[in-house]
Structures are given as structure tokens and as C-alpha cells.
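Novice: Build me a model:
(one chain, ligands or ions: 1)
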Amino acid sequence: MLPMSGTLKVSSWSWILVGITEKVGSVRTAHFPRFRAIHDRLVICPRRVFLTVALRKRTIITPSPPTWCGVMPLETKHRILLLYASQSGQAKAIAEEIAETADGKGFVADIYCVSQMEQFNLEKERAPVVIISSTTGVGEVPDTARKFAQELNSDLPANFYSHMKYAVLALGDSNYSHFANGGKIIDKCLQQLGAQHFYATGYADDGVGLELVVEPWIEGLWDALNELCKGQKEEINSIENILAMNDVSTADRSSELADIELLKLEANVPPTAKDSVISSVGVEQNPIVAGFQECCQVPTWVQSEKPLSESALNIPSLPVEYLNVEFQESTEQVYQQECFSLAPGVTLFQVPVTKAISLTREDAVKTALFLELDISKTSMMYEPGDAFSVICPNNKSEVEELIQRLGLANKKDHVVEISIIPNNKKKGAHLPEYIPKKSTLQFILTWCLEIRSVPKKACLRALAEHTSDSFEKRRLQELSSRQGAADYTRYMRDHNICLLDILRALPSCHPPLSLLLEHLPKLQVRSYSAASSPKYHPGKLHFVFNIVEFPSCPEKPVDRRGVCTGWLAQQVTPMLQNCENETIIGDCLSNGFELPQASIFSRQNPFFHLPAVTAAPIIMVGPGTGVAPFIGFLQHRQKQKEENPDSVFGETWLFYGCRHHDRDYLFRNELKGFQDNGTLTQLKVCFSRDLPKDTTAGNPKYVQHLLHLFAEDVTKMLLDEKGYFYVCGDGKNMAKDVASSLTQIVSEKLGVDTLVAMKILADLREEKRYLQDVWS
Ligand code: FAD
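Specialist: Numbering: from 1, shown residues only. Model (predicted):
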């Protein structure tokens, strides 16, 4: 047998192992610059090189050629190009999971963000391409994919990518209109350019749990890739036929091939199942948890139930550890990071909050706050309809608790040096770019990581390795397993269980900081629509938001607020408290109160603006905080009218809705003012929880019902007078309901069927006359 030690893994391309009858030293290597000797009668070379050489062998190997005695594909791992287009890190995490699993499935994945266009070349790409894409905004590709999508949409010939075999996994949330549209856009462009699916597009729905589609889709992907690559394997095998035409004695071949076969066994990493199997043996009721349950509220999900508690589990393979963490006690003054390092590539402004008003009564279901930012000392510009993003920190006490729980209280001001573990097996391992160099532990957990995110199954799997108690470990394994998928969705996802919840409930779980850095996504900025016009309020930027509240529940016995809205509310509490309804800033300042500051940057919404032609009618639909941009529109319109008294202005309608007239009717006085001065032609309002006073008025509950009541006017303005239709606010239900009401209205008024009405609305969208600005 040939003296081989270890396994041969050559992961960059498919390599060929070639047995030769003469010693390697006698081969005229000038002809084989890319051959590498691994034994005195064995060489390896890239498959492509071998194909060329083998096919031209008679002409190039002279005068005394070595004789090929056998050939085999050494590298059974086929390359795939794995691209991701991520907005918040979901698509990236899925792509990374695929890349890590690839090895065990007999593939190697080159993984890139689609924005790294200099790293891959689809025009020349012959390997299968797998694309994972999220969706953002109103069915748009993620910001990172804009350039890529533009490129696909440029004037390329119809068959430009006809050589390309690809598969797409499109992520989205079916609660929003244009479900999974980011992936659909990319898919459509590739189809138009002649690329061919080797596997059906997957549509994963965050509304019900991405994993419901993602996991089976990934499983099926391997089968599809194997099927696709079978053809390529056959191509390699046919080389043996070519060799058979050469003068190789059968005896020589068979003796050498015997060795090669043995080598093949060693050289191949057998395709391990993605999942390893864990049996349920040895799991008993944990006395710690039992005691815990008696003395305090233990979340329901901690308790594993039959049949899951007794079943064998298929758990994901352990994620590769690739980050190394060291703490540096700085003798100099600790370098305190600024928020500016967190948003590279944008112009960030730090501005004071100069006004804070609660727009809702205390007994309202949700508390809406109105804040004013002073941007007069910045170069920030915006138009009504634009939004801006806020860099917000995690909740201070949660960060403190996390640091304590990690056992790092004495290191919170230490600088964290993060490096890549040398020779780790993680595909494309890189340092998290959203953690600035020389950050302290406290800074990282406060500003860089989304510590509230629901840990992915890979993270649960990794946590299990750092959990000493067998019951707790088993529970983490269950939640990460295929059999525990329903529990994962029901407990983890639906209740937004975060890392801190897990660490609270499972006392023997002690992950290292590196695990958090490897698994927690980047802390996202939060965006808000401007609720003002700079024409009306020069130097000011207004916005309005509901404080997001998550009341405690058996799964998570702790009250929480949204990361950003909770932080903003906390920041302005003294302003709200000091000055009842309206904040008089002078009073606050004279009371020694320092104005809170926010780091913001502009997020333009290029189409969601007032029409350039002022005579065009506008219909605005904005219930709840969705009214925000329309306040800006109306302020702007009022100024335009004052400045151009002779111009023609089209009708201006606003459909607004809230729960109660007296509790949460936002901007009531301002809207009445706009109506009184003629800026707003019609204000139509409905209250979903007030008993109807006028039962003859059709009893509208939601804005879509109001639209039906005024269907005649809506169609006239929109279709006959070439008006503009704007929708803003809750993207989950409202925008979809409004769209279907409008479809029905158009269908009825024009006497066309639903499909035709949908086409009319699609055309309006195309013409940028049906515009949406929706959020969750
Ligand atoms: P987060 O902490 O991010 O929570 C948000 C969601 O995550 C929750 O609704 C819930 O589904 C889930 N979640 C997180 N933690 C938990 C938990 N512990 N338990 C249960 N569920 C949980 N919002 C406005 O109010 N006004 C605006 O004008 C506005 N304009 C926007 C414009 C744009 C372009 C975009 C993209 C968004 C806009 N938003 C607006 C939404 C806003 O950006 C934030 O998403 C919102 O304020 C919530 O942020 P948060 O950090 O407080 O909540």
C-alpha cells in the first residue's frame, strides 16, 4: 500500500490523482508545471489541467513519456459559488451554515456577499451558483445587493448567463406585501439572462418561521447539487476511457489501481450526515431545574416534554469556532469608541433632542411619542417622505447582566482583541466588521451586537457544548434538533427568547465571549419617517413612534421594551415628566437637565415624495404612526401654497385611523388646522375600538373600510385625474388590506375582473403613483 498519512484535501478545485508507471523523477516536469508529486509514482494536478494534458498527450509528451496507469478524481468535493444578499444578517447566516455543511456533503463553497463583486465573476462561472437573498423595504433587494441587481438589470444580452446553473433561496415575511421579492428580483433577472435553475427557488417566510422552508430547502439542495455534479463526475470518469486508448498494460494498471482505490478511501472524506444523532439515554429530570421551578418562575420552554424528551435527536454539526478573544487591560485611558465608527460610509450626525411630547393619553393601548431633533448645526438635509436612521444602544441593565453572567465583570472596560483562530475550518472566516478595533467589552455588548436576537439553532448547538448540566444540555440540543423544530418555533421564535433569557433559565450554561461574537448578529440601526418639512420647521426634524412593549409571559417572565423605542423613551423621560404635555425646553435646561443626544443619518426615500406637479391630487393613507410623513407633506404643501398663491393645487385627502378618538388620535389639532386652512381637502378618520356614533355612515373600522366608502372619489382622483396614492405605516396587515381594497374598488368601478384591476395597480406602482412606506 502507498504510504499515505492523513487525508488529502485539496479544496480549491477538483483535483485528479494520476498514477504513472515511471518514477515521478523521470517525468519531464517541464510539460507538467502544475503537477505535484505526492509519491514516487503518483502525481496530482488540477482536473482542468489534466484534461488538457490527457487530450493532447501524444503530442506533448515526447520522446519518452511516462505511461498513465490510472486516474481518479482525488477531490470529490465539487466547488459551488455561494452568494448572499443580507440586510440584517439572516441571509448571511444561512449562507454560512450552507458553507459549513458543504464540506460534509462533498462540496466546497466559495462564499461571498453579492457586494463583493470583484471576488467572483458570474460571466465565467462554471460551478453551480447558490444565492440566498433577503428582502427589505417594500419588496426591495437588500442595500448590499443594489449594485449587483443593477448589474443584472443592465443591458446584457439575453443569453449572457446561459452557462450558469443556479438556485435561489428568497427570504421574506408574508405579512408584508411583495413577499420575498428581493430574491424574486434576482431570480427573474438571472432567468432573463438565460441562467438555468438546477433546483427550485425556495421562499422562506419569517412570518411563520424561516426554518420551516430553509431547512428542507438546504437538505434538498445537496441532492440537487449531487444530481447536477453527477454529470461532471461522469466527465472525469470518461478520462479513463481516453487512457484506455494508451499503451498501458492491464497488469500494471490493475496493480497500481488497487493502491489508488485504497488511497481513495483515505482521500475522500465520507459524506457525513449534516446531523449527528444523539440518543435520549441518560437524560433524567434535573434536580436544579426542579428546585428552580419551585422557588421562581421558570420559563415553560425549559421543560422538555414527551415525546421529544425521549426521542433520538438529529442535531446540527457543531459550528466551527473561529474567533479568538483576548482582553487587554489598557494602562492608558481606555479608548472609548464613538458611534461614528459604527456606521462607516454614511454621514453621521449627533443631534440633541429638543422636544418630547406624548401624543397619546395614559389609557391608550400604545404610547406614541413625538420627538424633535435639532439639526440646525449639521449639514443634514431631508424632504418630507424621507426617513432617517438612529444608532441605538442595547438596554444598559441587560448589558450589565450579560457581562455578569459571562463572568466578565472585572473585564468590562478591557479592550477586546479579536483574532481569527489560525487554520480554523470555517469557510470565509473573517473578523466581524461591525466591531471597531480596540473596543471595550462593554462597548461591544452595548453598541455592536443584537443581544436581543433570537439565537439561531447553530448558536443553541454551540451553547450546548458549554452547558455542564445534562438536562439543560439536552434541552439546548433538542431545541437545535430537527425533532425539536416545533418547540424552537413555538418557544424561541414566537416569544423572541434571547441569549439572556437562555442564560437566566439554564444556570449551567457558560459560553465564552467568542461564542457571542461568532453567533450574535450586528445591532441594526432603527429607521423613522420624518414627520416634518424643513420648509415649515427649518433646522428641525420631527418624528413619532410607538414605544414597543413586550409584556412578560410564562415563556419569558420579564417585561421589555423595544431596543430603540425603549431607549428613546428612557432618554426623554425627564423631559416628559418635567413638562406635562408640551416640553418647554428652557425650563428643562434651567433645571439642570442635559438634552439627550442621538446619532442619526439620513435614509432617503427617493420616490415617496410629493408629486412635482402640484395640480395632481394626492390620496394619503396613514393610520397610527403611519401619519408621520403626511404631516411633513401637509406642512410642505401649506408653505408651497403660501409661496405660490397663483399655482394650481390638486385635492389632498388623508385617510387616518386609530383605536379611540380620545386616546390615540395623533396630530388631531394639527390635522384640523390643515383642514381649516384648506391645505387638507378631506380628512377621513375611523376609530377601530370606539362604538360607532353614526350608524348610517357605513361604520368603518379600519382605513380600508373608509376607502370603500369613498371609492368613487378615490378612483376619480387616482385614475381620471392621474393622482398619487400613498400608504404609510404597519406593513404587516394594513398595507396588504389597503391594496386588496383598492383592487376591489378599481375592479368594481371600472367593471373589470380582479386580475385586470391588479394589473392597473401594478402599472400605477411602476409609474410611481402608488407608493408605500411600510414597516413592522
Ligand atoms: P425592536 O426591539 O427592534 O423590536 C421590534 C420587533 O421585534 C417587535 O415588534 C417584535 O416583533 C420583535 N421583538 C423584539 N424583541 C421582542 C421580545 N422581547 N418579545 C417579543 N417580540 C420581540 N416606526 C415608528 O414607530 N415610526 C416611524 O415613523 C417609523 N418609520 C420607519 C421607517 C422605515 C423606513 C423603517 C424601515 C422602519 C420604520 N419604523 C417606524 C419602525 C422602526 O424602525 C422600529 O422597527 C420600531 O420603532 C421598533 O424598534 P425597537 O428597536 O424599539 O423594537
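
Novice: measure the closest residue to the ligand within the stretch 651-776 of the chain to G182 for me?
Specialist: Nearest residue of the stretch 651-776 of the chain to the ligand, counting by Cβ to the nearest ligand atom: W775, 3.2 Å away. No exception for glycine: its C-beta is placed from N, CA and C like everyone else's. According to Cβ to Cβ, to the nearest Å, W775 stands 16 Å off from G182.

Novice: and the closest residue in space to the residue of the stretch 651-776 of the chain closest to the ligand that isn't next to it in sequence, how many residues sit next to it?
Specialist: Closest residue in space to W775, ignoring its immediate chain neighbours: G731 at 5.6 Å, by Cβ to Cβ, 6 or more residues apart in numbering. By other Cβ atoms under 10 Å, the residues close to G731 number 22.

Novice: higher neighbour count, W775 and G182?
Specialist: Between W775 and G182, G182 has the larger neighbour count (other Cβ under 10 Å), namely 27 against 19.

Novice: And the more buried one, how close does it get to T136?
Specialist: From G182 to T136 the distance is 7 Å (Cβ to Cβ).

Novice: intersection of neighbour lists for those two?
Specialist: 87, 142 (Cβ atoms under 8 Å, 6 or more residues apart in numbering).

Novice: Which residue is it, in the stretch 351-500 of the chain, that comes closest to the ligand?
Specialist: For the stretch 351-500 of the chain, Cβ to the nearest ligand atom, closest residue to the ligand: N496, 3.3 Å.

Novice: mind checking the SS state of that residue?
Specialist: Put simply, N496 is coil when judged by DSSP: H, G, I helix; E, B strand; the rest coil.

Novice: Least confident secondary structure element in this structure?
Specialist: helix 250-267 (a mean of 31; mean pLDDT, DSSP states H and E).

Novice: Where do the helices of the stretch 651-776 of the chain begin and end?
Specialist: 668-676, 703-709, 711-715, 734-750, 754-766 (DSSP state H, counting those that start in this stretch).

Novice: Would you mind naming what in the stretch 501-650 of the chain lies close to the ligand?
Specialist: Contact residues, the stretch 501-650 of the chain versus the ligand (Cβ under 6 Å from any ligand atom): 526-529, 543-546, 548, 550, 560, 562-566, 625, 628.

Novice: The same query, at a cut-off of 8 Å, please.
Specialist: 524, 526-529, 531, 543-548, 550, 556, 560-568, 603, 605, 625-626, 628-629 (Cβ under 8 Å from any ligand atom).

Novice: So which of the residues you listed belong to helices?
Specialist: With DSSP state H as the criterion, helices contain 563-568, 628-629 from among those.

Novice: I'd like those as TSV, with distance to V703, pLDDT and neighbour count appended.
Specialist: Shown next, in TSV, are these (distance: Cβ to Cβ, whole Å; pLDDT from 0 to 100; neighbours: other Cβ atoms under 10 Å):
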residue	distance to V703	pLDDT	neighbour count
V563	28	98	20
C564	26	98	23
T565	23	98	21
G566	28	98	18
W567	30	98	20
L568	26	98	25
A628	15	97	29
P629	15	98	29
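
Novice: wait, which of the residues you listed is closest to F107?
Specialist: Of all these, F107 sits closest to V563, with 37.7 Å by Cβ to Cβ.

Novice: For that closest one, give me its contacts.
Specialist: 392, 394-395, 450, 452, 523, 526.

Novice: How many residues are close by the residue of the chain found nearest the ligand?
Specialist: Residue of the chain nearest the ligand, by Cβ to the nearest ligand atom: G562 (2.1 Å). Residues within reach of G562, counting by other Cβ under 10 Å, total 19.

Novice: before we move on, the earlier item: and the residue of the stretch 651-776 of the chain closest to the ligand, what pLDDT?
Specialist: In this prediction, W775 carries a pLDDT score of 84.

Novice: what's the closest residue to V756 other than its chain neighbours in contact with, if anything?
Specialist: Excluding the flanking residues, the one nearest V756 by Cβ to Cβ, 6+ apart is S747, at 7.2 Å. Counting by Cβ under 8 Å, 6+ apart, S747 touches 753-754, 756-757.

Novice: Format those residues as TSV; extra columns: distance to the ligand.
Specialist: TSV is the format used below for those (distance: Cβ to the nearest ligand atom, whole Å):
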residue	distance to the ligand
D753	34
T754	30
V756	31
A757	28
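
Novice: Counting neighbours, which of those residues end up buried?
Specialist: A757 (16 or more other Cβ atoms under 10 Å).

Novice: D501: which of the contacts of S747 is nearest?
Specialist: Using Cβ to Cβ, those come closest to D501 at T754, 44.9 Å.

Novice: Not counting its neighbours along the chain, what's nearest the closest one?
Specialist: Per Cβ to Cβ, 6+ apart, closest to T754 is S747, 5.3 Å.

Novice: Can you check the pLDDT for that neighbour?
Specialist: For S747, the pLDDT comes out at 96.

Novice: any idea of the mean pLDDT for the helix or strand that I502 is a member of?
Specialist: Here I502 sits within helix 499-505, counting by DSSP states H and E. The average pLDDT within helix 499-505 is 96.

Novice: which residues are in contact with that helix?
Specialist: Residues outside helix 499-505 that contact it (Cβ under 8 Å, 6+ apart): 298-299, 301-302, 398, 401-402, 405, 451, 453, 455, 459-460, 463, 476, 509, 511, 516, 520, 556, 558.

Novice: Restricted to helices, list the residues you listed.
Specialist: Per DSSP H, the subset of the contacts of helix 499-505 in helices is 398, 401-402, 405, 459-460, 463, 476, 516.

Novice: Pull the most distant pair out of these.
Specialist: Greatest spacing in the ones in helices among the contacts of helix 499-505, by Cβ to Cβ: E398 and L476 (20.6 Å).

Novice: If we ignore the residues flanking it in sequence, what's nearest the residue of the chain closest to the ligand?
Specialist: V548 (2.9 Å).

Novice: Can you verify my assumption that the one you found contacts L568?
Specialist: No: if you go by Cβ atoms under 8 Å, V548 and L568 don't touch, sitting 10.5 Å apart.

Novice: and the residue lying closest to L516 once chain neighbours are set aside, how many residues sit next to it?
Specialist: Leaving out its chain neighbours, the residue that sits closest to L516 by Cβ to Cβ, 6+ apart is L449, at 6.5 Å. Applying other Cβ under 10 Å, we find 23 residues neighbouring L449.

Novice: Give me the distance between the closest residue to G539 other than its chain neighbours and Y491.
Specialist: Computed as Cβ to Cβ, 6+ apart, the closest residue to G539 that is not its neighbour in sequence is S376, at 3.0 Å. Using Cβ to Cβ, one gets 49 Å for the distance from S376 to Y491.

Novice: Give me the more crowded residue out of these two.
Specialist: Using other Cβ under 10 Å as the criterion, S376 and Y491 rank with Y491 on top: 20 against 12.

Novice: Could you double-check that that one sits in contact with W301?
Specialist: Yes: the pair Y491 / W301 is scored as a contact, 3.5 Å apart, by Cβ under 8 Å.

Novice: any shared contact partners between the two?
Specialist: With contacts taken as Cβ under 8 Å, 6+ apart, Y491 and W301 have 479, 497, 555 as neighbours in common.

Novice: re earlier: which residues touch the residue nearest to G539?
Specialist: Neighbouring residues of S376 by Cβ under 8 Å, 6+ apart: 538-540.
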